[in-house]
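Asker: when you get a sec, could you give me coordinates for this:
(2 chains)
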Amino acid sequence: MKRTLLLVAVLSASQAALAAGSADKGKTAFAKHGCWQCHGFAGQGGVAGPKLAPDPMPLEAMSAFVRNTRGGMPPYQKAILSDADLADIHAYLQSLPKARDYKSIPLLNP
Amino acid sequence: MARKDPGPQVDRRKFLSGVAAAGAATAAAAMSTPVARAAEPAPAPRVPSALRPTLQVAAAETETPRETTNRIGGRPGSDFMVDVIKTLGIKYLPANCASSYRGIHESLINYGGNKMPEFLTCMHEESAVGMAHGYFKIAGKPLMTLCHGTVGLQHATMAIYNAWCDRVPVIVVGGNDMDAATRPPGVPTFHAAQDINALVRDFTKWDDTPVSLAHFAQSFVRAYKIAMTPPCGPVMISLDAGLQQEVIRNHGDKLAIPRYVPTAPPQGDSGAVKEAARLLAEAQNPVIVADRAARTPNGIKLLVQLAETLQARVIDQGSRVNFPKTHYLSAPPTAVSGADVILGLELSDFWATVNSYTDNGENGGIGANGTRIKPGTKLISISSVELNTKSNYQDFQRFQVIDVPMAGDAEATLPALIEAVKAAIPGSKKAAIEQRGQAAKKAHAEAEARAKQAAALAWDASPISTARLCAETYAAVKDLDWSIVSQSGNVSDWLNRLWPLSEHHHWIGRSGGYGVGYGAPASVGAALANRDAGRFSVNIQADGDLMYAPGVLWTAAKHKIPQLAVMHNNRGYHQEVMHVQRLSNFRNRPANYGADMGPVGTRIENPDIEYHKLAESMGWWARGPIKDPAQLGSALKEAVKIVQAGQPALLNVWTQPR
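Answerer: All right, here's what the predicted structure looks like:
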């Protein structure tokens, strides 16, 4: 219950602060803040972190998760990742193209 | 070492000081003898003597002539050591040369003809042990290595630890000049110690210091036998330099070589086997977890038989190929969550199999623990490692309470367990078991589709995705009798997820102790075994791992050991990249990247290492760097042809981090 309240409070605060970002700046911020380390340069995910793109979660939910995660991912507080950079990263993830259907890739159907 | 037998003495100091002169004299004598004989007049007919022959003359006429043609006055003890080694059929001896074993080195290549074993020139002792490690995982037979008992063994230790954790037999023999009163001063004394074996005693199964040739014969055969009895593991013999060089004397039957008879592996207790069978037969959802269960190809067949009898899903933790990935009962690690009975076979970490750990900085920084299984789930374990646990190194992992623990070898116990399960399954259960199988088939097909769709993500990205790296490589070798001679973990397990691993030789599994630097030498050792079996070796080679001892590339070229090495060049010690980033975030401090892409001290860039040039300089065919995924397929085709012609080939591919 306490966590739910916290999440609601964080979401409300974030919605006011977060604005639409720039995909170009977001690509740089994605590298600069080390997001690629676990999620890959295209946000494709791997054993170290889940996929982020295409179709990232909404910015508000992503912000709440990034700031408050208590799971495997370490949190990114504002001291190390600004709201502006976070919005840019989200814009970058949104800009990434959808994956091809694996059935259309011959190498994945040997 | 004090020698008890006073027989003919060779003063080693005089021997050493006279080596140059003796060598010159011997060579001159050898060259001049035929000429001198040709010039001699024919000897006069011998007149019989009326006198009784002296003891010396009688001995000369009746006994086996003493060898007086060499400077040491007979056959060296190391020749007998070679006789002992040859009885065990050890095919290769990867080693870095060292003076403390020069006696046996000389015997191996001259007296022994450099066959069984064949000496393979290595550039680092860690590489030599790593090669033996990889060789065993394909061939199922151990190799021996020689090293300086001090500095060389110090180099070898990490690789010996990996072999220990991975339950792989390696016979390590360290040269050591023990007699402080006679050994040469300077370097040989720096390279001597009272007890060289102490360095590795915590992570070897057994060690010995033979003090006579007869003792050596017993020690070596015993070492081989202990190393090969499950749980297998490395063993260590300290080999005195003086013993190698001293002359073989008439010891009569004391110099007999013991016959090697393999010890039957230990089996689980019959009562415990029955109880385990009862639990498995009556379970609603039994799950089998295997780590080092299949020691041989037959182990896979047995595990398939057990799984199909129960229609139980199998999680292969992957230190060996235990179960075919292509089988519908193959399951991911998460399958434990629905189990009511879990059978663990040779697990290195049962605790982490059924519990979770989250490195999230909570609980004062130590992270959070949780269970991954339902309350009341019954746990059964069959593990030979319980028979051979030591105290210092913590490879036994966290303590896990087990309901039916068995100290025994899993593969050896499976036949009895299969029969007991068949007998214990009630007729009323057969329909439910069949239904379990149908559900498993559906889950397996869905998981395969999910894996392929995940592989399609970032398919055209540059640097190249690890999924595409693995898919492209498979396409290049799929029609060959292939064998993966590398680890899988650093490429998001794509080898396991995309390649149809089903045979014992399809993959060598992990290193055991996770000591980085294992990959390259193990791949060369495994490729050596594959070469002899006519197979094609594929190595997805991590960049940081290769740079621990890249000289093993030269060893592969020198001894014509072909393999296709495809670099997973993510330009960093990536596990550490993530660790330092994680800690920076927990402490709410921006990670200091310096001029690199990741935390200072973790990246391998600025400058980038040109692995293709490195390999080329040591006799490999190599190309790179390849950054565009569209160029990878054609480069692989070219490289495969080179490897098929017998040369090792390397492609330097820039990849995504994981």
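Asker: what segments of chain A are helices?
Answerer: Ranges of helices within chain A are A:2-17, A:23-32, A:36-39, A:59-68, A:83-95, based on DSSP state H.
Asker: can you tell me which of those helices the model trusts least?
Answerer: Per-stretch mean pLDDT for the helices of chain A is lowest at helix A:2-17 (a mean of 46).
Asker: need the three-state assignment for B:G544.
Answerer: Recorded secondary structure, B:G544: helix (DSSP: H, G, I helix; E, B strand; the rest coil).
Asker: could you find the closest non-adjacent residue to it?
Answerer: Distances taken as C-beta to C-beta, 6 or more residues apart in numbering or on different chains place B:Y573 nearest to B:G544, at 4.7 Å, with adjacent residues excluded. In short, each C-beta sits where N, CA and C put it, glycine included.
Asker: list the contacts for the one you found?
Answerer: B:516, B:544, B:602-604 (C-beta atoms under 8 Å, 6 or more residues apart in numbering or on different chains).
Asker: for these, which one is nearest B:H579?
Answerer: B:T602 (8.1 Å; C-beta to C-beta).
Asker: I'd assumed B:L583 was in contact with that closest one.
Answerer: No. The pair B:T602 and B:L583 does not pass the contact test of C-beta atoms under 8 Å, sitting 11.6 Å apart.
Asker: which of the two has more residues huddled nearby?
Answerer: Ranked by neighbour count (other C-beta atoms under 10 Å in any protein chain shown), B:T602 and B:L583 place B:T602 first, with 22 against 16.
Asker: what sits against that one?
Answerer: Residues counted as contacts of B:T602 (C-beta under 8 Å, 6+ apart) are B:572-574, B:576-577, B:580.
Asker: mind checking which of these are in helices?
Answerer: B:574, B:576-577, B:580.
Asker: just among the residues you listed, which is most surrounded?
Answerer: B:V577 (27 neighbours).
Asker: quick one, what contacts it?
Answerer: Per C-beta under 8 Å, 6+ apart, neighbours of B:V577: A:34, A:37, B:598-599, B:602-603, B:657.
Asker: need those residues in a markdown table with secondary structure, can you?
Answerer: Output for those, formatted as a markdown table (three-state DSSP):
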| residue | secondary structure |
| --- | --- |
| A:G34 | coil |
| A:Q37 | helix |
| B:G598 | coil |
| B:P599 | coil |
| B:T602 | coil |
| B:R603 | strand |
| B:P657 | coil |
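Asker: which two of those residues have the greatest separation?
Answerer: Greatest spacing in the contacts of B:V577, by C-beta to C-beta: B:P599 and B:P657 (13.1 Å).
Asker: assign a three-state SS to B:M567, would you?
Answerer: B:M567 ends up strand, using three-state DSSP.
Asker: that one and chain A, how far apart?
Answerer: Using C-beta to the nearest C-beta, to the nearest Å, one obtains 17 Å as the distance from B:M567 to chain A.
Asker: tell me which parts of the stretch 451-600 of chain B are close to chain A?
Answerer: B:452-459, B:461, B:463, B:465-466, B:468, B:471-472, B:474-475, B:478, B:489, B:492-493, B:498, B:574, B:577-578, B:581-586, B:588-591, B:597-598 (C-beta under 8 Å from any C-beta of the partner chain).
Asker: of those, select the buried ones using a ChimeraX command.
Answerer: With 16 or more other C-beta atoms under 10 Å in any protein chain shown as the criterion, this ChimeraX line picks the buried residues out of these:
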select /B:452,453,454,455,456,457,458,459,461,463,465,466,468,471,472,474,475,489,492,493,498,574,577,578,581,582,583,584,585,591,597,598
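Asker: in helices, which of the residues of the stretch 451-600 of chain B next to chain A fall?
Answerer: For those, secondary structure assignment (DSSP H) places B:452-456, B:466, B:468, B:471-472, B:474-475, B:498, B:574, B:577-578, B:581-586 in helices.
Asker: against B:N585, how distant is A:G40?
Answerer: Separation of A:G40 from B:N585 (C-beta to C-beta, to the nearest Å) stands at 18 Å.
Asker: show me which of the contacts of B:V577 is closest to B:G367.
Answerer: For the contacts of B:V577, the minimum distance to B:G367 (C-beta to C-beta) is 18.9 Å, reached by A:Q37.
Asker: burial of the residue nearest to B:R571 when sequence neighbours are not counted, as a residue count?
Answerer: Counting by C-beta to C-beta, 6+ apart, B:R571 lies nearest to B:E605, which is 4.6 Å off, once chain neighbours are set aside. Number of residues near B:E605 (other C-beta under 10 Å) recorded here: 13.
Asker: list the contacts of B:E605.
Answerer: B:571-572, B:596-597.
Asker: distance check, it against B:P332.
Answerer: B:E605 is 34 Å from B:P332, by C-beta to C-beta.
Asker: got the residues of chain A near chain B?
Answerer: A:31, A:34, A:36-38, A:40-48, A:51, A:69-72, A:74-77, A:79-80, A:99-102, A:105, A:107-110.
Asker: out of the residues you listed, which end up buried?
Answerer: Looks like the residues of chain A next to chain B have A:31, A:34, A:36-38, A:40-46, A:48, A:51, A:72, A:74-76, A:80, A:99, A:102, A:105, A:107-108 buried, using 16+ other C-beta under 10 Å.
Asker: backbone dihedrals for B:T145, please?
Answerer: phi -140, psi 160 (degrees, to the nearest 10).
Asker: how is chain B carved up into domains?
Answerer: Domains of chain B are assigned by automatic domain parsing as B:77-255, B:270-440, B:457-571+B:608-653.
Asker: can you give me the end-to-end span of stretch B:543-555?
Answerer: 18 Å (C-alpha to C-alpha, to the nearest Å).
Asker: how about the contacts made by residue 86?
Answerer: No chain in the question, so chain A it is. The neighbours of A:L86, taking C-beta under 8 Å, 6+ apart as the test, are A:18, A:21, A:29, A:59, A:62-63, A:66, A:76.
Asker: the intended chain is chain B.
Answerer: Applying C-beta under 8 Å, 6+ apart, the residues near B:K86 are B:112, B:116.
Asker: quick check, B:V287 in a strand?
Answerer: Yes. Counting by three-state DSSP, B:V287 is part of a strand.
Asker: and B:I366, what element?
Answerer: Using DSSP states H and E, B:I366 is not contained in any helix or strand.
Asker: quick one on the thing from earlier: okay, the ones in helices among the contacts of B:T602 in CSV with pLDDT next?
Answerer: Shown next, in CSV, are the ones in helices among the contacts of B:T602 (pLDDT from 0 to 100):
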residue, pLDDT
B:H574, 95
B:E576, 95
B:V577, 96
B:V580, 96
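Asker: between the residues you listed, which sits nearest B:L279?
Answerer: Nearest member of these to B:L279, counting by C-beta to C-beta, is B:H574, at 41.4 Å.
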